[in-house]
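A.B. asks: Take this sequence and fold it.
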Amino acid sequence: MNLDLPFILTTLPAFGKAVWVTLQLGTIVILTSLAVALLNVALLSLHKRQLTALIRGYVELARNTPLLIQLFFLYFGLPALGLSLSGFTTAVIAMTFLGGGYLTEALRAGIQAVPASQLEAGRAIGLSRWQLLRHVQLPQAWLASLPALFANFIFLLKETTVASAVAVPELLYTTKNYIALYYKTYEMLAVLTLMCVLIFLPLSLALRVVERRLQHGQFGH
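C.D. replies: Model (predicted):
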């Protein structure tokens, strides 16, 4: 099998734009998902039965509903209600809904790992519930949850390929367009694979280094 290298070179500018869209979408979704997760664990710390049930219901719905269905519901269903969203906005909302559920569980597990004795000590010196959450629980939960959080960050970045279903011009969408136009299937799949490796592998390795240094306090060594 001979790849058409000159043709591949002509597609690189378009793939460069697709990489930017992928990174932009992934970064926004990671930040918004983390914000949702932090809000959820803060509400869970109130130990209100109705709030807890609501958040647990959200988490189960987010984690057990396929992202593609969420995207189609927003992109094709909402216009029937008079609300139309762009493909990019739809992808951000749907992926935040999904990512918020996963990150909520990761942080919740980290908070539950904080020893009860530390909470008792905090109450003994007069810390409020919010001060306990901010100064005692979240810092330790963050470190305990790093492996799960970073794994979910990579997962969300890879899930940006699903956004091609609603015409977001990321990597997979660009690949399918070139295949449909020029029938250069092997060339485009080769470029797609290369781009994914160049994005995800360095990021995964970098997050692993950050995780190790944060957990063991080795920055600067």
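A.B. asks: Please make it C-alpha for all contacts and neighbour counts, starting now.
C.D. replies: Fine.
A.B. asks: can you tell me how far residue 112 sits from residue 105?
C.D. replies: Taking Cα to Cα, to the nearest Å as the measure, residue 112 falls 10 Å from residue 105.
A.B. asks: now residue 59
C.D. replies: 8 Å.
A.B. asks: which stretch of helix or strand covers residue 153?
C.D. replies: According to DSSP states H and E, residue 153 maps onto helix 138-158.
A.B. asks: from the chain's centre, how far out does that helix sit?
C.D. replies: Taking Cα atoms, centre = their mean, to the nearest Å, the mean C-alpha location of helix 138-158 is offset from the chain mean by 10 Å.
A.B. asks: what sits up against that helix?
C.D. replies: Here helix 138-158 makes contact (Cα atoms under 8 Å, 6 or more residues apart in numbering) with 22-23, 25-27, 29-30, 95, 99, 102-103, 106-114, 200, 203-204, 207, 211, 214-215.
A.B. asks: Just the buried ones among those residues, please.
C.D. replies: 22-23, 25-27, 29-30, 95, 99, 102-103, 106-111, 114, 207, 211, 215 (16 or more other Cα atoms under 10 Å).
A.B. asks: Show only the entries of these found in strands.
C.D. replies: The members of the buried ones among the contacts of helix 138-158 all map outside strands under DSSP state E.
A.B. asks: Of these, which belong to helices?
C.D. replies: 22-23, 25-27, 29-30, 95, 99, 102-103, 106-111, 207, 211, 215 (DSSP state H).
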